[in-house]
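>>> Any chance you can model this:
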Amino acid sequence: AEADQSNNFAVSANGSGNVLVQSLAGSVIAGVYADIKSGSGSISVIGNINVTFNSTSADIRTSSGGTIDVEATTGSITQSASSLFTAGTSANDTGNIRLLADDNIVVGDITTGGSVSMIATTGSITDADSSDEVTVDDDIQAVGLRMWSKSGIGTNVNHLDTSVDNLSAYVDAGSLYELESNGVTVQSVGIAVNRVVAGGTASVVAATTDASQSDLQTNGSDGNIVLRATLGDITLQAGAAEADQSNNFAVSANGSGNILLQALGAGTDIIAYTNADIQSTSGHIT
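Have a look, this model is predicted:
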């Protein structure tokens with residue numbers, strides 16, 4: 001009905017209003033320019049099957065501490081390469097973003113001044129843009145990034161592109177491929193977001209927490225780990241999430257998984273601190 005379609009939203013809450021979009025039996029599908037947004041409130045988008053934002057410029061937007069909570073309870077979360085989930089990037093925009101899918105997560109663009117958590121319970125986490133095997137396009141920009149995947153993060157020909165300060169990732173039965181545009185520290189990352197429930201007022205927003213997770217780790221018999229930083233240092237810290245710190249590693253590939261840690265920029269370093277071992281059971285390490 002808008003004459004010029006310049007507002008580009010389907011759901012909009014003014015000010016600190018919260019938003020809940022939930023399909024109790026089916027999927028949530030956002031079409032062209034069908035943004036879901038709030039000025040500074042929290043947003044939950046929950047599909048019983050899938051959550052799909054794979055049309056041009058279908059976004060989720062908030063700012064000033066509002067959080068974004070996306071769940072595909074029995075299916076996948078899918079963004080197009082131009083879809084943006086953002087909680088803002090200014091000094092006051094510290095809202096966290098959490099994506100939980102029973103199957104796969106396909107990432108377009110995710111940005112926040114806070115942290116991001118992505119969990120693919122039975123599937124993989126991959127980049128929606130298949131044209132960026134060489135250049136970094138920063139799929140995820142955040143202070144912290146926590147990832148858990150059953151079957152892989154990125155691919156050997158299309159790494160997941162990031163610009164994050166702190167990183168932890170676990171792959172249960174696959175490989176990890178990540179290309180960082182700046183410098184990154186491997187250490188513990190945990191986050192909490194607001195789950196908006198029926199009613200939508202502040203009194204019915206419940207915290208949803210992903211506990212602190214440490215290290216880069218593959219658990220399968222041949223899961224590789226590749227982390228490359230194009231401009232800054234790669235710093236390895238022994239994670240604080242382990243109760244007794246007896247594992248003493250920052251990067252660990254199980255079985256015959258290979259490891260590559262590479263700081264590509266001129267004058268950049270790889271720095272490992274106390275108990276921040278790099279290990280593979282029987283794979284090669286560079």
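>>> just checking, Gln217 is part of a strand?
Yes - with DSSP: H, G, I helix; E, B strand; the rest coil as the criterion, Gln217 is assigned to a strand.
>>> Write down the beta-bridge partners of it, one by one.
Note on Gln217: beta-bridge partners Tyr170, Ser252, judged by DSSP bridges.
>>> That one and Gly283: what is the separation?
13 Å (C-beta to C-beta, to the nearest Å). No exception for glycine: its C-beta is placed from N, CA and C like everyone else's.
>>> same thing with Ala10?
48 Å.
>>> So for Gln217 and Gly283, which sits in the more crowded spot?
Remark: of Gln217 and Gly283, Gln217 carries more neighbours, 24 against 18, as counted by other C-beta atoms under 10 Å.
>>> Low-confidence stretches in the stretch 101-250 of the chain?
131-137, 200-203, 241-246 (pLDDT under 70).
>>> could you redo the last one with a cut-off of 50?
For the stretch 101-250 of the chain, the stretches with pLDDT under 50 are 133-135, 243-245.
>>> Spell out the residue ranges of the strands in it.
105-107, 109-111, 115-120, 125-127, 140-149, 160-171, 176-180, 184-186, 189-196, 205-213, 216-218, 225-229, 234-236, 249-253 (DSSP state E, counting those that start in this stretch).
>>> Give me the angle between the last one and strand 160-171.
Direction vectors for strand 249-253 and strand 160-171, defined by axes from the mean of the first three to the mean of the last three C-alpha atoms, to 10 degrees, enclose an angle of 90 degrees.
>>> next one: the fifth one
Orientation of strand 140-149 against strand 160-171 (the same axes, to 10 degrees) gives an angle of 30 degrees.
>>> And strand 140-149, what's buried?
140-149 (16 or more other C-beta atoms under 10 Å).
>>> Quick one: list the elements packing against it.
strand 109-111, strand 115-120, strand 160-171, strand 189-196, strand 205-213 (3 or more C-beta pairs under 8 Å, 6 or more residues apart in numbering; DSSP states H and E).
>>> Can I get the ones you listed in CSV including mean neighbour count and distance to Leu260?
Output for the helices and strands packed on strand 140-149, formatted as CSV (neighbours: other C-beta atoms under 10 Å; distance: least, C-beta to C-beta, whole Å):
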stretch, mean neighbour count, distance to Leu260
strand 109-111, 22, 25
strand 115-120, 25, 22
strand 160-171, 23, 14
strand 189-196, 23, 21
strand 205-213, 15, 22
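>>> now those as a markdown table including distance to Arg61?
Formatted as a markdown table, the helices and strands packed on strand 140-149 follow (distance: least, C-beta to C-beta, whole Å):
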| stretch | distance to Arg61 |
| --- | --- |
| strand 109-111 | 10 |
| strand 115-120 | 15 |
| strand 160-171 | 19 |
| strand 189-196 | 15 |
| strand 205-213 | 18 |
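>>> right, and these - which one's nearest Thr230?
strand 160-171 (9.7 Å; C-beta to C-beta).
>>> Could you export that closest one as PDB, CA atoms only?
C-alpha atoms of strand 160-171 as PDB (Å, rounded to 0.1, in the frame of the first residue of the first chain):
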ATOM      1  CA  LEU A 160      32.600 -18.600   6.400                       C
ATOM      2  CA  ASP A 161      33.700 -15.000   6.300                       C
ATOM      3  CA  THR A 162      33.900 -13.100   9.700                       C
ATOM      4  CA  SER A 163      35.000 -10.000  11.400                       C
ATOM      5  CA  VAL A 164      34.900 -10.900  15.100                       C
ATOM      6  CA  ASP A 165      37.100 -10.200  18.100                       C
ATOM      7  CA  ASN A 166      36.600 -13.500  20.000                       C
ATOM      8  CA  LEU A 167      35.800 -17.000  18.500                       C
ATOM      9  CA  SER A 168      34.800 -20.400  19.700                       C
ATOM     10  CA  ALA A 169      33.600 -23.200  17.400                       C
ATOM     11  CA  TYR A 170      32.800 -26.900  17.700                       C
ATOM     12  CA  VAL A 171      32.000 -29.300  14.900                       C
END
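>>> Cool, thanks, talk later.
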